[in-house]
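**Student:** would you be able to build a 3D model of this:
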Amino acid sequence: MSVRVNDLLKLPSLREATVLSGKNQLDTSVASLSFLEVSDMSLFSEKLHKTNEYHAGEILIGSFCAIRHDVVKQCETIRHLHELGEVGLILYYVGIIVPKVAEEVIQLADSLGFILIQMPKNDPTLRYNEVIYEVMKLLVNKNKMASFATDLLEKVSLLPEQNRSVEMTLKILSDFLKVNIALTTYTNEIISTINWPRSTKLPLTKLLYQSQEKVALGETTYFITSQKLPQKDGQTLKLYFIREEEQLTSFEMNQAVEVVQMALNLWGKNYDEVSEYALVQAIINDESDKMYQLAKKLMIDISSVETMWLLPIWQQGQEIHAIQQDLKDFLRYYYQTTIVQQTENYLIVLLGNYLHKQPEATISKEYLQATDYQDYLGEIILCPKVRNTTEVRVSYQTANQVAPFLKRVYPQRKVLSIAEIRTVQQMMTCLQAGEEAIQQRLAVIQPLLKESEQLMTLGTFLLDASSDFKECGERLFVHKNTVKYRISKINEALGYDMTNAAEAYEVYLAMILYRLVTNE
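**Tutor:** The predicted structure is shown next:
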(Lines give C-alpha, C1' and ligand atoms only; values in the text may rest on other atoms or scores of the structure.)
Protein backbone atom coordinates (compact mmCIF):
# COMPACT_ATOMS: atom_id res chain seq x y z
CA MET A 1 0.00 0.00 0.00
CA SER A 2 1.48 3.38 -0.96
CA VAL A 3 1.77 6.41 1.31
CA ARG A 4 -1.30 8.69 1.35
CA VAL A 5 -1.64 12.27 2.58
CA ASN A 6 -3.72 10.89 5.45
CA ASP A 7 -0.69 8.85 6.53
CA LEU A 8 1.46 11.99 6.65
CA LEU A 9 -1.05 13.79 8.88
CA LYS A 10 -0.63 11.04 11.50
CA LEU A 11 3.10 11.73 11.85
CA PRO A 12 4.10 13.51 15.11
CA SER A 13 5.45 16.53 13.20
CA LEU A 14 2.13 17.02 11.35
CA ARG A 15 -0.48 16.04 13.95
CA GLU A 16 -1.15 19.66 14.94
CA ALA A 17 -1.37 20.88 11.33
CA THR A 18 -4.69 22.06 9.86
CA VAL A 19 -6.00 21.01 6.45
CA LEU A 20 -7.33 24.20 4.80
CA SER A 21 -8.28 22.82 1.38
CA GLY A 22 -8.52 19.56 -0.52
CA LYS A 23 -10.11 17.66 2.35
CA ASN A 24 -11.69 15.27 -0.15
CA GLN A 25 -8.26 14.52 -1.65
CA LEU A 26 -6.50 13.21 1.45
CA ASP A 27 -6.45 9.68 0.05
CA THR A 28 -4.09 10.90 -2.71
CA SER A 29 -0.83 8.96 -2.83
CA VAL A 30 2.46 10.75 -2.14
CA ALA A 31 5.69 9.70 -3.86
CA SER A 32 8.10 12.45 -2.84
CA LEU A 33 8.65 15.61 -0.80
CA SER A 34 10.30 18.80 -2.04
CA PHE A 35 10.96 22.35 -0.87
CA LEU A 36 9.22 25.34 -2.49
CA GLU A 37 12.21 27.67 -2.63
CA VAL A 38 10.78 30.06 -5.25
CA SER A 39 7.20 31.09 -4.49
CA ASP A 40 7.01 33.95 -7.03
CA MET A 41 5.78 32.07 -10.08
CA SER A 42 6.67 34.86 -12.54
CA LEU A 43 10.35 34.19 -11.75
CA PHE A 44 9.82 30.42 -11.55
CA SER A 45 8.07 30.22 -14.92
CA GLU A 46 10.59 32.38 -16.78
CA LYS A 47 13.86 31.26 -15.23
CA LEU A 48 13.42 27.79 -13.80
CA HIS A 49 10.49 25.91 -15.27
CA LYS A 50 11.81 25.41 -18.76
CA THR A 51 10.99 21.74 -19.31
CA ASN A 52 7.70 19.98 -19.50
CA GLU A 53 8.11 18.06 -16.24
CA TYR A 54 5.14 16.86 -14.26
CA HIS A 55 5.71 16.33 -10.54
CA ALA A 56 2.98 13.76 -9.95
CA GLY A 57 2.71 12.63 -6.34
CA GLU A 58 5.00 15.32 -4.95
CA ILE A 59 4.07 17.36 -1.87
CA LEU A 60 5.86 20.63 -1.07
CA ILE A 61 6.83 22.55 2.03
CA GLY A 62 7.33 26.33 2.04
CA SER A 63 6.33 29.67 3.54
CA PHE A 64 5.29 32.11 0.72
CA CYS A 65 8.01 34.43 2.07
CA ALA A 66 8.62 36.35 -1.19
CA ILE A 67 4.88 36.93 -1.79
CA ARG A 68 3.62 37.14 1.79
CA HIS A 69 1.51 40.29 1.17
CA ASP A 70 0.37 39.52 -2.40
CA VAL A 71 -2.79 37.40 -2.50
CA VAL A 72 -2.96 37.45 -6.31
CA LYS A 73 0.56 36.00 -6.59
CA GLN A 74 -0.27 33.42 -3.93
CA CYS A 75 -3.19 32.32 -6.11
CA GLU A 76 -0.91 32.23 -9.16
CA THR A 77 1.47 30.00 -7.21
CA ILE A 78 -1.29 27.57 -6.21
CA ARG A 79 -2.53 27.36 -9.79
CA HIS A 80 0.98 26.88 -11.20
CA LEU A 81 1.84 24.16 -8.68
CA HIS A 82 -1.41 22.38 -9.49
CA GLU A 83 -0.58 22.53 -13.22
CA LEU A 84 2.81 20.97 -12.42
CA GLY A 85 1.04 18.04 -10.77
CA GLU A 86 1.97 18.84 -7.17
CA VAL A 87 -0.29 17.14 -4.61
CA GLY A 88 -0.27 20.02 -2.16
CA LEU A 89 1.67 22.44 0.01
CA ILE A 90 2.56 22.30 3.70
CA LEU A 91 2.60 25.99 4.64
CA TYR A 92 4.91 27.15 7.44
CA TYR A 93 5.05 30.29 9.61
CA VAL A 94 1.50 31.55 9.10
CA GLY A 95 1.05 34.52 11.42
CA ILE A 96 4.80 35.21 11.32
CA ILE A 97 5.71 35.46 7.62
CA VAL A 98 2.27 35.27 6.00
CA PRO A 99 -0.18 37.20 8.23
CA LYS A 100 -2.96 34.74 7.37
CA VAL A 101 -4.01 32.47 4.52
CA ALA A 102 -6.49 34.50 2.47
CA GLU A 103 -9.92 33.04 1.82
CA GLU A 104 -9.36 33.52 -1.94
CA VAL A 105 -6.29 31.26 -1.77
CA ILE A 106 -8.19 28.58 0.14
CA GLN A 107 -11.16 28.71 -2.24
CA LEU A 108 -8.95 28.45 -5.32
CA ALA A 109 -6.96 25.55 -3.86
CA ASP A 110 -10.21 23.78 -2.91
CA SER A 111 -11.67 24.22 -6.39
CA LEU A 112 -8.54 22.64 -7.88
CA GLY A 113 -8.42 19.76 -5.42
CA PHE A 114 -5.03 21.09 -4.25
CA ILE A 115 -4.25 20.18 -0.63
CA LEU A 116 -3.18 23.12 1.54
CA ILE A 117 -1.90 22.14 4.99
CA GLN A 118 -1.23 24.92 7.50
CA MET A 119 1.33 24.25 10.22
CA PRO A 120 0.47 25.65 13.70
CA LYS A 121 0.08 29.45 13.53
CA ASN A 122 2.41 31.94 15.23
CA ASP A 123 4.93 29.23 16.13
CA PRO A 124 8.56 30.31 15.54
CA THR A 125 9.89 26.98 16.88
CA LEU A 126 8.76 25.07 13.78
CA ARG A 127 11.57 23.48 11.78
CA TYR A 128 11.40 22.12 8.25
CA ASN A 129 13.73 19.22 9.02
CA GLU A 130 11.22 17.56 11.38
CA VAL A 131 8.65 17.08 8.63
CA ILE A 132 11.32 16.31 6.02
CA TYR A 133 12.84 13.54 8.16
CA GLU A 134 9.56 11.87 9.10
CA VAL A 135 7.96 12.07 5.66
CA MET A 136 11.05 10.78 3.82
CA LYS A 137 11.49 7.95 6.33
CA LEU A 138 7.87 6.89 5.82
CA LEU A 139 8.17 7.09 2.03
CA VAL A 140 11.39 5.06 1.90
CA ASN A 141 10.11 2.34 4.25
CA LYS A 142 6.70 1.93 2.62
CA ASN A 143 7.91 2.14 -0.96
CA LYS A 144 10.27 -0.79 -0.38
CA MET A 145 7.29 -3.07 0.19
CA ALA A 146 4.50 -1.41 -1.78
CA SER A 147 3.00 -2.45 -5.09
CA PHE A 148 3.25 0.74 -7.14
CA ALA A 149 2.10 -0.09 -10.68
CA THR A 150 -1.55 0.82 -10.18
CA ASP A 151 -0.73 4.06 -8.35
CA LEU A 152 1.70 5.27 -11.01
CA LEU A 153 -0.71 4.52 -13.85
CA GLU A 154 -3.44 6.34 -11.94
CA LYS A 155 -1.19 9.39 -11.60
CA VAL A 156 -0.58 9.47 -15.36
CA SER A 157 -4.28 8.97 -16.17
CA LEU A 158 -5.14 11.98 -13.99
CA LEU A 159 -2.74 14.29 -15.86
CA PRO A 160 -4.06 16.87 -18.33
CA GLU A 161 -4.77 15.11 -21.61
CA GLN A 162 -1.81 16.63 -23.44
CA ASN A 163 0.54 15.22 -20.77
CA ARG A 164 -0.67 11.61 -20.88
CA SER A 165 2.05 9.84 -22.81
CA VAL A 166 4.58 7.04 -22.67
CA GLU A 167 7.33 9.63 -22.16
CA MET A 168 5.62 11.15 -19.12
CA THR A 169 5.02 7.67 -17.69
CA LEU A 170 8.73 6.91 -18.01
CA LYS A 171 9.59 10.19 -16.24
CA ILE A 172 7.26 9.45 -13.32
CA LEU A 173 8.57 5.87 -13.11
CA SER A 174 12.17 7.11 -13.20
CA ASP A 175 11.50 9.55 -10.36
CA PHE A 176 9.78 6.87 -8.29
CA LEU A 177 12.49 4.21 -8.67
CA LYS A 178 15.40 6.68 -8.81
CA VAL A 179 16.67 4.95 -11.93
CA ASN A 180 17.77 5.78 -15.49
CA ILE A 181 15.44 4.36 -18.16
CA ALA A 182 15.83 3.69 -21.87
CA LEU A 183 13.15 2.39 -24.25
CA THR A 184 14.49 1.07 -27.55
CA THR A 185 13.54 -0.95 -30.59
CA TYR A 186 14.63 -4.58 -30.73
CA THR A 187 17.80 -3.49 -32.54
CA ASN A 188 18.59 -0.97 -29.76
CA GLU A 189 17.54 2.09 -31.72
CA ILE A 190 16.66 4.68 -29.08
CA ILE A 191 13.00 5.60 -28.72
CA SER A 192 13.25 7.43 -25.40
CA THR A 193 15.74 7.95 -22.58
CA ILE A 194 15.14 9.40 -19.11
CA ASN A 195 18.06 10.33 -16.87
CA TRP A 196 17.92 10.29 -13.09
CA PRO A 197 18.74 12.73 -11.70
CA ARG A 198 17.64 14.77 -14.73
CA SER A 199 20.83 16.84 -14.64
CA THR A 200 23.14 13.82 -14.90
CA LYS A 201 25.29 13.51 -18.02
CA LEU A 202 25.35 9.70 -17.92
CA PRO A 203 25.83 8.35 -21.49
CA LEU A 204 22.86 5.98 -21.50
CA THR A 205 23.21 5.13 -25.19
CA LYS A 206 26.79 3.97 -24.65
CA LEU A 207 25.80 1.77 -21.70
CA LEU A 208 23.09 -0.02 -23.70
CA TYR A 209 25.69 -1.62 -25.96
CA GLN A 210 27.50 -3.24 -23.03
CA SER A 211 26.96 -7.01 -22.92
CA GLN A 212 27.46 -7.31 -19.16
CA GLU A 213 24.93 -6.39 -16.47
CA LYS A 214 27.50 -4.57 -14.33
CA VAL A 215 29.54 -1.72 -15.83
CA ALA A 216 32.17 0.52 -14.21
CA LEU A 217 32.51 4.12 -15.40
CA GLY A 218 35.32 5.79 -13.52
CA GLU A 219 34.76 5.12 -9.83
CA THR A 220 31.03 4.41 -10.23
CA THR A 221 29.42 1.04 -10.90
CA TYR A 222 26.15 0.82 -12.84
CA PHE A 223 23.80 -2.16 -12.88
CA ILE A 224 21.89 -2.72 -16.13
CA THR A 225 18.62 -4.67 -16.19
CA SER A 226 16.59 -5.20 -19.35
CA GLN A 227 13.30 -6.72 -20.42
CA LYS A 228 11.69 -7.42 -23.80
CA LEU A 229 8.23 -5.95 -24.43
CA PRO A 230 6.29 -7.79 -27.18
CA GLN A 231 3.78 -5.51 -28.92
CA LYS A 232 0.40 -6.22 -30.52
CA ASP A 233 1.74 -5.50 -34.01
CA GLY A 234 4.31 -8.29 -33.69
CA GLN A 235 7.26 -6.00 -32.99
CA THR A 236 9.32 -6.19 -29.82
CA LEU A 237 10.64 -3.25 -27.82
CA LYS A 238 13.34 -3.34 -25.16
CA LEU A 239 13.19 -1.64 -21.77
CA TYR A 240 16.44 -0.87 -19.92
CA PHE A 241 16.91 0.20 -16.29
CA ILE A 242 20.31 1.54 -15.25
CA ARG A 243 20.88 2.19 -11.57
CA GLU A 244 23.98 3.37 -9.75
CA GLU A 245 25.55 1.00 -7.18
CA GLU A 246 22.37 -1.08 -6.76
CA GLN A 247 20.49 -3.50 -9.00
CA LEU A 248 16.76 -3.27 -9.57
CA THR A 249 15.00 -6.01 -7.60
CA SER A 250 12.88 -8.55 -9.45
CA PHE A 251 9.79 -7.13 -7.70
CA GLU A 252 10.62 -3.58 -8.87
CA MET A 253 11.38 -4.88 -12.36
CA ASN A 254 8.08 -6.73 -12.71
CA GLN A 255 6.10 -3.74 -11.46
CA ALA A 256 7.98 -1.33 -13.74
CA VAL A 257 7.45 -3.54 -16.81
CA GLU A 258 3.72 -3.67 -16.00
CA VAL A 259 3.60 0.14 -15.85
CA VAL A 260 5.40 0.65 -19.16
CA GLN A 261 3.46 -2.07 -21.00
CA MET A 262 0.15 -0.57 -19.86
CA ALA A 263 1.34 2.91 -20.87
CA LEU A 264 2.23 1.60 -24.33
CA ASN A 265 -1.21 -0.01 -24.62
CA LEU A 266 -3.02 3.14 -23.47
CA TRP A 267 -0.97 5.99 -24.91
CA GLY A 268 1.57 4.35 -27.22
CA LYS A 269 -0.50 3.90 -30.35
CA ASN A 270 1.89 4.09 -33.31
CA TYR A 271 4.68 4.93 -30.84
CA ASP A 272 7.30 3.91 -33.38
CA GLU A 273 5.56 5.63 -36.30
CA VAL A 274 7.78 7.81 -38.47
CA SER A 275 5.69 10.76 -39.68
CA GLU A 276 5.24 14.50 -39.28
CA TYR A 277 2.21 13.76 -37.08
CA ALA A 278 4.38 11.65 -34.75
CA LEU A 279 6.98 14.43 -34.72
CA VAL A 280 4.42 17.06 -33.66
CA GLN A 281 3.07 14.72 -30.97
CA ALA A 282 6.61 14.18 -29.68
CA ILE A 283 7.14 17.95 -29.47
CA ILE A 284 3.94 18.74 -27.55
CA ASN A 285 4.38 15.69 -25.28
CA ASP A 286 8.02 16.57 -24.48
CA GLU A 287 9.39 13.31 -25.90
CA SER A 288 12.74 14.85 -26.68
CA ASP A 289 14.71 11.77 -27.76
CA LYS A 290 11.88 10.60 -29.98
CA MET A 291 11.51 14.11 -31.40
CA TYR A 292 15.16 14.34 -32.49
CA GLN A 293 15.17 10.82 -33.93
CA LEU A 294 12.02 11.45 -35.94
CA ALA A 295 13.33 14.80 -37.17
CA LYS A 296 16.53 13.09 -38.31
CA LYS A 297 14.62 10.33 -40.13
CA LEU A 298 12.29 12.84 -41.75
CA MET A 299 15.25 15.10 -42.63
CA ILE A 300 13.62 18.05 -40.87
CA ASP A 301 15.81 20.63 -39.14
CA ILE A 302 13.76 21.08 -35.99
CA SER A 303 16.04 23.90 -34.81
CA SER A 304 14.95 25.97 -37.81
CA VAL A 305 11.36 26.26 -36.53
CA GLU A 306 10.84 29.92 -35.60
CA THR A 307 7.10 30.47 -35.94
CA MET A 308 3.99 28.57 -34.92
CA TRP A 309 0.35 29.06 -35.89
CA LEU A 310 -2.50 27.46 -33.97
CA LEU A 311 -5.91 27.18 -35.62
CA PRO A 312 -8.79 25.91 -33.44
CA ILE A 313 -10.58 23.02 -35.12
CA TRP A 314 -14.27 23.59 -35.72
CA GLN A 315 -14.75 20.91 -38.37
CA GLN A 316 -13.70 17.28 -38.77
CA GLY A 317 -13.45 14.91 -41.72
CA GLN A 318 -12.76 15.97 -45.27
CA GLU A 319 -12.80 19.71 -44.53
CA ILE A 320 -9.97 19.50 -42.04
CA HIS A 321 -7.75 17.56 -44.46
CA ALA A 322 -8.54 20.06 -47.20
CA ILE A 323 -7.59 22.95 -44.90
CA GLN A 324 -4.32 21.18 -44.03
CA GLN A 325 -3.40 20.90 -47.69
CA ASP A 326 -4.53 24.47 -48.35
CA LEU A 327 -2.23 25.74 -45.59
CA LYS A 328 0.71 23.71 -46.89
CA ASP A 329 0.23 24.94 -50.44
CA PHE A 330 0.02 28.57 -49.30
CA LEU A 331 2.91 28.52 -46.82
CA ARG A 332 5.45 26.63 -48.95
CA TYR A 333 5.90 29.82 -50.95
CA TYR A 334 7.04 31.65 -47.80
CA TYR A 335 8.89 29.00 -45.74
CA GLN A 336 11.36 26.24 -46.48
CA THR A 337 10.25 24.25 -43.40
CA THR A 338 6.47 23.77 -43.30
CA ILE A 339 4.73 21.27 -41.00
CA VAL A 340 0.93 21.26 -40.75
CA GLN A 341 -0.64 18.59 -38.55
CA GLN A 342 -3.86 18.03 -36.64
CA THR A 343 -3.86 17.59 -32.88
CA GLU A 344 -6.99 16.99 -30.86
CA ASN A 345 -7.94 20.65 -30.54
CA TYR A 346 -5.91 22.49 -33.18
CA LEU A 347 -4.26 22.51 -36.51
CA ILE A 348 -0.68 23.18 -35.47
CA VAL A 349 1.58 24.84 -38.05
CA LEU A 350 5.36 24.90 -37.52
CA LEU A 351 7.36 27.15 -39.84
CA GLY A 352 11.06 27.84 -40.38
CA ASN A 353 13.60 29.27 -42.83
CA TYR A 354 11.59 32.27 -43.99
CA LEU A 355 12.17 32.94 -47.70
CA HIS A 356 10.88 36.51 -48.18
CA LYS A 357 11.50 40.06 -46.98
CA GLN A 358 7.95 41.20 -46.24
CA PRO A 359 6.97 41.24 -42.53
CA GLU A 360 5.97 37.76 -41.36
CA ALA A 361 3.14 39.22 -39.29
CA THR A 362 1.18 40.01 -42.46
CA ILE A 363 1.18 36.45 -43.82
CA SER A 364 -1.54 35.10 -41.53
CA LYS A 365 -3.87 37.93 -42.60
CA GLU A 366 -3.02 37.28 -46.25
CA TYR A 367 -3.91 33.62 -45.81
CA LEU A 368 -7.30 34.45 -44.30
CA GLN A 369 -8.02 36.73 -47.25
CA ALA A 370 -6.86 34.18 -49.84
CA THR A 371 -8.32 30.91 -48.52
CA ASP A 372 -11.62 29.42 -49.63
CA TYR A 373 -12.11 27.94 -46.15
CA GLN A 374 -12.84 31.08 -44.13
CA ASP A 375 -16.19 29.70 -42.97
CA TYR A 376 -14.43 26.73 -41.37
CA LEU A 377 -11.72 28.72 -39.59
CA GLY A 378 -11.78 30.48 -36.26
CA GLU A 379 -8.96 32.73 -35.14
CA ILE A 380 -5.28 32.14 -35.88
CA ILE A 381 -3.05 32.26 -32.82
CA LEU A 382 0.33 33.54 -33.98
CA CYS A 383 3.47 32.57 -32.04
CA PRO A 384 6.44 34.36 -33.65
CA LYS A 385 10.12 33.93 -32.83
CA VAL A 386 9.82 30.71 -30.84
CA ARG A 387 13.33 29.92 -29.67
CA ASN A 388 13.00 26.18 -29.08
CA THR A 389 10.51 23.33 -28.90
CA THR A 390 9.89 24.03 -25.22
CA GLU A 391 8.37 27.38 -26.20
CA VAL A 392 6.28 25.59 -28.84
CA ARG A 393 4.96 23.19 -26.20
CA VAL A 394 4.29 25.83 -23.54
CA SER A 395 2.51 28.09 -26.05
CA TYR A 396 0.35 25.17 -27.18
CA GLN A 397 -0.60 24.35 -23.59
CA THR A 398 -1.34 28.01 -22.79
CA ALA A 399 -3.60 28.30 -25.84
CA ASN A 400 -5.41 25.12 -24.78
CA GLN A 401 -6.12 26.58 -21.36
CA VAL A 402 -7.33 29.96 -22.63
CA ALA A 403 -9.16 28.89 -25.82
CA PRO A 404 -12.69 28.66 -24.31
CA PHE A 405 -12.51 32.33 -23.27
CA LEU A 406 -11.03 33.93 -26.39
CA LYS A 407 -14.32 34.75 -28.10
CA ARG A 408 -15.47 36.45 -24.92
CA VAL A 409 -12.44 38.77 -24.89
CA TYR A 410 -11.75 39.16 -28.62
CA PRO A 411 -15.08 38.46 -30.37
CA GLN A 412 -14.12 40.19 -33.62
CA ARG A 413 -10.43 39.33 -34.01
CA LYS A 414 -9.24 36.77 -36.56
CA VAL A 415 -5.51 36.89 -35.73
CA LEU A 416 -4.25 36.89 -32.13
CA SER A 417 -0.71 36.86 -30.81
CA ILE A 418 0.51 34.50 -28.11
CA ALA A 419 1.30 37.62 -26.04
CA GLU A 420 -2.42 38.45 -26.07
CA ILE A 421 -3.23 34.86 -25.09
CA ARG A 422 -0.86 35.10 -22.11
CA THR A 423 -2.49 38.37 -21.04
CA VAL A 424 -5.91 36.70 -21.03
CA GLN A 425 -4.40 33.87 -18.98
CA GLN A 426 -3.09 36.46 -16.50
CA MET A 427 -6.56 37.97 -16.10
CA MET A 428 -8.12 34.52 -15.72
CA THR A 429 -5.85 34.03 -12.73
CA CYS A 430 -7.04 37.37 -11.33
CA LEU A 431 -10.64 36.28 -11.90
CA GLN A 432 -10.05 33.14 -9.88
CA ALA A 433 -8.33 35.07 -7.08
CA GLY A 434 -11.66 36.39 -5.81
CA GLU A 435 -13.81 39.51 -5.59
CA GLU A 436 -11.24 41.75 -3.91
CA ALA A 437 -8.62 41.13 -6.60
CA ILE A 438 -11.22 41.69 -9.35
CA GLN A 439 -12.38 45.00 -7.88
CA GLN A 440 -8.79 46.22 -7.49
CA ARG A 441 -8.10 45.52 -11.15
CA LEU A 442 -11.39 47.06 -12.38
CA ALA A 443 -10.95 50.20 -10.27
CA VAL A 444 -9.07 51.94 -13.09
CA ILE A 445 -12.19 51.90 -15.34
CA GLN A 446 -14.68 52.55 -12.53
CA PRO A 447 -15.62 56.05 -13.88
CA LEU A 448 -16.87 54.43 -17.12
CA LEU A 449 -18.88 51.50 -15.77
CA LYS A 450 -22.16 53.43 -16.11
CA GLU A 451 -21.20 55.01 -19.46
CA SER A 452 -22.09 52.29 -21.97
CA GLU A 453 -21.03 54.22 -25.09
CA GLN A 454 -17.63 55.16 -23.70
CA LEU A 455 -17.09 51.65 -22.34
CA MET A 456 -17.91 50.11 -25.72
CA THR A 457 -15.62 52.57 -27.49
CA LEU A 458 -12.77 51.84 -25.09
CA GLY A 459 -13.14 48.07 -25.43
CA THR A 460 -13.34 48.24 -29.20
CA PHE A 461 -10.35 50.61 -29.43
CA LEU A 462 -8.04 48.61 -27.15
CA LEU A 463 -9.10 45.00 -27.74
CA ASP A 464 -10.78 44.78 -31.14
CA ALA A 465 -8.98 47.47 -33.15
CA SER A 466 -5.51 47.23 -31.56
CA SER A 467 -5.61 50.98 -30.72
CA ASP A 468 -6.18 51.98 -34.35
CA PHE A 469 -8.57 54.96 -34.66
CA LYS A 470 -9.60 54.19 -38.25
CA GLU A 471 -10.32 50.50 -37.60
CA CYS A 472 -12.17 51.35 -34.39
CA GLY A 473 -14.37 53.78 -36.32
CA GLU A 474 -15.14 51.14 -38.94
CA ARG A 475 -16.12 48.64 -36.27
CA LEU A 476 -18.38 51.17 -34.51
CA PHE A 477 -19.72 52.64 -37.81
CA VAL A 478 -18.53 56.14 -36.92
CA HIS A 479 -15.86 58.47 -38.33
CA LYS A 480 -12.35 58.09 -36.92
CA ASN A 481 -12.50 61.69 -35.66
CA THR A 482 -15.52 60.69 -33.57
CA VAL A 483 -13.41 57.92 -32.07
CA LYS A 484 -10.61 60.41 -31.34
CA TYR A 485 -13.08 62.70 -29.59
CA ARG A 486 -14.50 59.86 -27.50
CA ILE A 487 -11.03 58.62 -26.55
CA SER A 488 -10.03 62.14 -25.46
CA LYS A 489 -13.09 62.22 -23.18
CA ILE A 490 -12.18 58.77 -21.84
CA ASN A 491 -8.63 60.00 -21.16
CA GLU A 492 -10.06 62.87 -19.10
CA ALA A 493 -12.40 60.58 -17.17
CA LEU A 494 -9.75 57.99 -16.33
CA GLY A 495 -6.69 60.19 -16.01
CA TYR A 496 -4.80 57.93 -18.42
CA ASP A 497 -3.70 58.56 -22.00
CA MET A 498 -4.88 55.69 -24.23
CA THR A 499 -2.26 56.54 -26.85
CA ASN A 500 0.55 56.07 -24.31
CA ALA A 501 1.41 52.36 -24.14
CA ALA A 502 2.52 52.40 -20.51
CA GLU A 503 -0.58 54.25 -19.30
CA ALA A 504 -2.97 52.29 -21.52
CA TYR A 505 -1.70 48.89 -20.33
CA GLU A 506 -3.47 48.99 -16.95
CA VAL A 507 -6.70 49.94 -18.70
CA TYR A 508 -6.14 47.22 -21.31
CA LEU A 509 -5.89 44.57 -18.57
CA ALA A 510 -8.98 45.95 -16.86
CA MET A 511 -10.99 45.75 -20.09
CA ILE A 512 -9.97 42.11 -20.62
CA LEU A 513 -11.11 41.30 -17.09
CA TYR A 514 -14.33 43.26 -17.61
CA ARG A 515 -15.18 41.18 -20.68
CA LEU A 516 -14.32 37.96 -18.85
CA VAL A 517 -16.60 38.92 -15.97
CA THR A 518 -19.53 40.35 -17.95
CA ASN A 519 -19.22 38.59 -21.33
CA GLU A 520 -19.99 41.98 -22.94
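**Student:** quick one, helices of the stretch 151-300 of the chain?
**Tutor:** Using DSSP state H, counting those that start in this stretch, the helices found in the stretch 151-300 of the chain span residues 166-177, 204-208, 250-267, 276-284, 288-298.
**Student:** from the chain's centre, how far out does the third one sit?
**Tutor:** What separates the centre of helix 250-267 from the centre of its chain is 26 Å, taken as CA atoms, centre = their mean, to the nearest Å.
**Student:** other SSEs contacting that helix?
**Tutor:** helix 149-157, helix 166-177, strand 220-230, strand 236-244 (3 or more CB pairs under 8 Å, 6 or more residues apart in numbering; DSSP states H and E). Placement of C-beta: from N, CA and C, glycine included.
**Student:** quick one: the helices of the stretch 151-300 of the chain as JSON lines, columns for mean pLDDT, distance to Leu347 and mean neighbour count too.
**Tutor:** Formatted as JSON lines, the helices of the stretch 151-300 of the chain follow (pLDDT from 0 to 100; distance: least, CB to CB, whole Å; neighbours: other CB atoms under 10 Å):
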{"stretch": "helix 166-177", "mean pLDDT": "88", "distance to Leu347": "23", "mean neighbour count": "24"}
{"stretch": "helix 204-208", "mean pLDDT": "74", "distance to Leu347": "35", "mean neighbour count": "15"}
{"stretch": "helix 250-267", "mean pLDDT": "89", "distance to Leu347": "22", "mean neighbour count": "18"}
{"stretch": "helix 276-284", "mean pLDDT": "85", "distance to Leu347": "10", "mean neighbour count": "22"}
{"stretch": "helix 288-298", "mean pLDDT": "83", "distance to Leu347": "19", "mean neighbour count": "18"}
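**Student:** out of the helices and strands packed on helix 250-267, which comes closest to Asp289?
**Tutor:** Within those, the stretch nearest Asp289 is helix 166-177; the backing value is 8.4 Å (CB to CB).
**Student:** about what we covered before: of the helices of the stretch 151-300 of the chain, which approaches Phe477 most closely?
**Tutor:** Of all those, helix 276-284 sits nearest to Phe477, with 41.9 Å by CB to CB.
**Student:** just checking, what packs against that closest one?
**Tutor:** helix 288-298, strand 335-342, strand 346-354, helix 389-402.
**Student:** okay, the angle between it and strand 335-342?
**Tutor:** Angle, helix 276-284 to strand 335-342, by axes from the mean of the first three to the mean of the last three CA atoms, to 10 degrees: 90 degrees.
**Student:** would you pull up how far helix 276-284 lies from the middle of the chain?
**Tutor:** With CA atoms, centre = their mean as the basis, helix 276-284 stands 17 Å off its chain's centre.
**Student:** where does Leu350 land on pLDDT?
**Tutor:** Looking at Leu350, its pLDDT stands at 94.
**Student:** give me the number of residues near it?
**Tutor:** 26 (other CB atoms under 10 Å).
**Student:** my read: Leu58 touches Leu36, true?
**Tutor:** You called it Leu, but residue 58 is Glu. No - between Glu58 and Leu36 there is no contact under CB atoms under 8 Å: 10.4 Å.
**Student:** please identify the most buried of the helices and strands packed on helix 276-284.
**Tutor:** With neighbours taken as mean count of other CB atoms under 10 Å, the helices and strands packed on helix 276-284 reach their highest mean count in strand 346-354, at a mean of 21.
**Student:** which elements pack onto the following helix or strand past that strand?
**Tutor:** Remark: after strand 346-354, the chain's next helix or strand is helix 363-370, criterion DSSP states H and E. The helices and strands touching helix 363-370, judged by 3+ CB pairs under 8 Å, 6+ apart, are helix 318-331, strand 380-383, strand 415-417.
**Student:** next, the buried residues of helix 363-370.
**Tutor:** 363-364, 367 (16 or more other CB atoms under 10 Å).
**Student:** ok, and the closest non-adjacent residue to Leu229?
**Tutor:** Take Leu229 and drop its neighbours on the chain: the residue closest to it by CB to CB, 6 or more residues apart in numbering is Leu237, 4.4 Å away.
**Student:** tell me the spacing between the one you found and Ala295.
**Tutor:** 21 Å (CB to CB, to the nearest Å).
**Student:** kindly report the same for Pro404.
**Tutor:** Relative to Ala295, Pro404 is positioned 32 Å away (criterion: CB to CB).
**Student:** next: Ile61.
**Tutor:** Distance of Ile61 to Ala295, computed by CB to CB: 40 Å.
**Student:** Asp326 now?
**Tutor:** Distance of Asp326 to Ala295, computed by CB to CB: 25 Å.
**Student:** and what of Gly22?
**Tutor:** 41 Å.
**Student:** ditto for Ile313
**Tutor:** 25 Å.
**Student:** how many other residues sit next to the nearest residue to Glu344 once chain neighbours are set aside?
**Tutor:** Excluding its sequence neighbours, the residue lying closest to Glu344 (CB to CB, 6+ apart) is Glu161, at 7.1 Å. A total of 9 residues lie near Glu161 under the criterion other CB under 10 Å.
**Student:** with Leu81 instead?
**Tutor:** Other residues lying near Leu81 total 24 when counted by other CB under 10 Å.
**Student:** ok, Ser2 touching Phe148?
**Tutor:** Yes - between Ser2 and Phe148 there is a contact under CB under 8 Å: 6.3 Å.
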